[in-house]
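[1] this one's structure only:
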């Protein structure tokens, strides 16, 4: 990636063509790997898709989120070299990003994303040296965090979902001995934690030095981290 750093910012001294509203061209963001790319690779592994569509079987990337998370799609669009006008909205309060790009498709294939990814992504997709950034991206895309109340106590719950080999490897790499691996009817595996001490430990690790995150999940994480042990 010649013109941008891992955050998608243009590097001083390089010449580039400025994007105009509604215009875009893939800039090679995923041809390199840093903490930013690792986060978005995890996010795409959890909530994105690639495939060939139309009469000419052109290569596409697509992702859809809740409308309230549209800012996240706009950030990704800009990082990839596209205007925020590429983010579209449906009547179902869904925001979506669709990009036709052979280079983007091929870069994601090289990074481990696969068509019909739920059945094909394994532990090899995790970038060397950027485990926690990848984990946070996957959690933001296909995870859950919550605070629940019983008559006796406050309960924290954390979970992340994905393909069996990937989630098993993630659990092993966290260094946290507790937690459960649960197989679901849709074929996915989830890594689930309940409690206080271990969830706080995990949250500190995944959010450390994070440049990108879903605001609504980060707000809950911050609330948990502010609670007394």
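    Received it, and whenever you're ready, just let me know what you need. Being a predicted model, the structure only gives us computed values, none of them experimental.
[2] Check which helices and strands the helix or strand bottoming out on mean pLDDT in the chain is in contact with.
    Least confident element among the helices and strands of the chain, by mean pLDDT, DSSP states H and E: strand 48-53 (a mean of 90). The helices and strands touching strand 48-53, judged by 3 or more Cβ pairs under 8 Å, 6 or more residues apart in numbering; DSSP states H and E, are strand 58-66, helix 102-111. Any C-beta I mention is one placed from the backbone N, CA and C, and that applies to glycine too.
[3] residues contacting the residue nearest the centre of the chain?
    In the chain, the residue lying closest to the centroid (Cα atoms, centre = their mean) is residue 43, at 1.3 Å. Applying Cβ atoms under 8 Å, 6 or more residues apart in numbering to residue 43 gives the contacts 76, 137-138, 140-141.
[4] Show me where this structure has its helices.
    For the chain, the helices defined by DSSP state H cover 35-47, 70-80, 102-111, 131-142, 164-174, 197-207, 215-226.
[5] I'd like those helices as JSON lines, with mean pLDDT appended.
    Shown next, in JSON lines, are those (pLDDT from 0 to 100):
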{"stretch": "helix 35-47", "mean pLDDT": "96"}
{"stretch": "helix 70-80", "mean pLDDT": "97"}
{"stretch": "helix 102-111", "mean pLDDT": "96"}
{"stretch": "helix 131-142", "mean pLDDT": "97"}
{"stretch": "helix 164-174", "mean pLDDT": "93"}
{"stretch": "helix 197-207", "mean pLDDT": "94"}
{"stretch": "helix 215-226", "mean pLDDT": "95"}
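[6] picking up where we left off before, columns mean neighbour count and distance to residue 187 on top of the helices and strands packed on strand 48-53, output as JSON lines?
    Below are those laid out as JSON lines (neighbours: other Cβ atoms under 10 Å; distance: least, Cβ to Cβ, whole Å):
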{"stretch": "strand 58-66", "mean neighbour count": "18", "distance to residue 187": "21"}
{"stretch": "helix 102-111", "mean neighbour count": "17", "distance to residue 187": "22"}
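[7] Identify whichever of these lies nearest to residue 158.
    Taking Cβ to Cβ, strand 58-66 is the member of those nearest to residue 158, at 19.9 Å.
[8] follow-up on the earlier one: got JSON lines for the helices of the chain, with distance to residue 182 too?
    Output for the helices of the chain, formatted as JSON lines (distance: least, Cβ to Cβ, whole Å):
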{"stretch": "helix 35-47", "distance to residue 182": "17"}
{"stretch": "helix 70-80", "distance to residue 182": "27"}
{"stretch": "helix 102-111", "distance to residue 182": "27"}
{"stretch": "helix 131-142", "distance to residue 182": "14"}
{"stretch": "helix 164-174", "distance to residue 182": "10"}
{"stretch": "helix 197-207", "distance to residue 182": "16"}
{"stretch": "helix 215-226", "distance to residue 182": "20"}
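[9] Quickly list the domain ranges of this protein.
    29-122, 133-226 (automatic domain parsing).
[10] Now do the first one: distance from first to last residue.
    The one in question is domain 29-122. The straight-line separation of the ends of domain 29-122 (Cα to Cα, to the nearest Å) is 22 Å.
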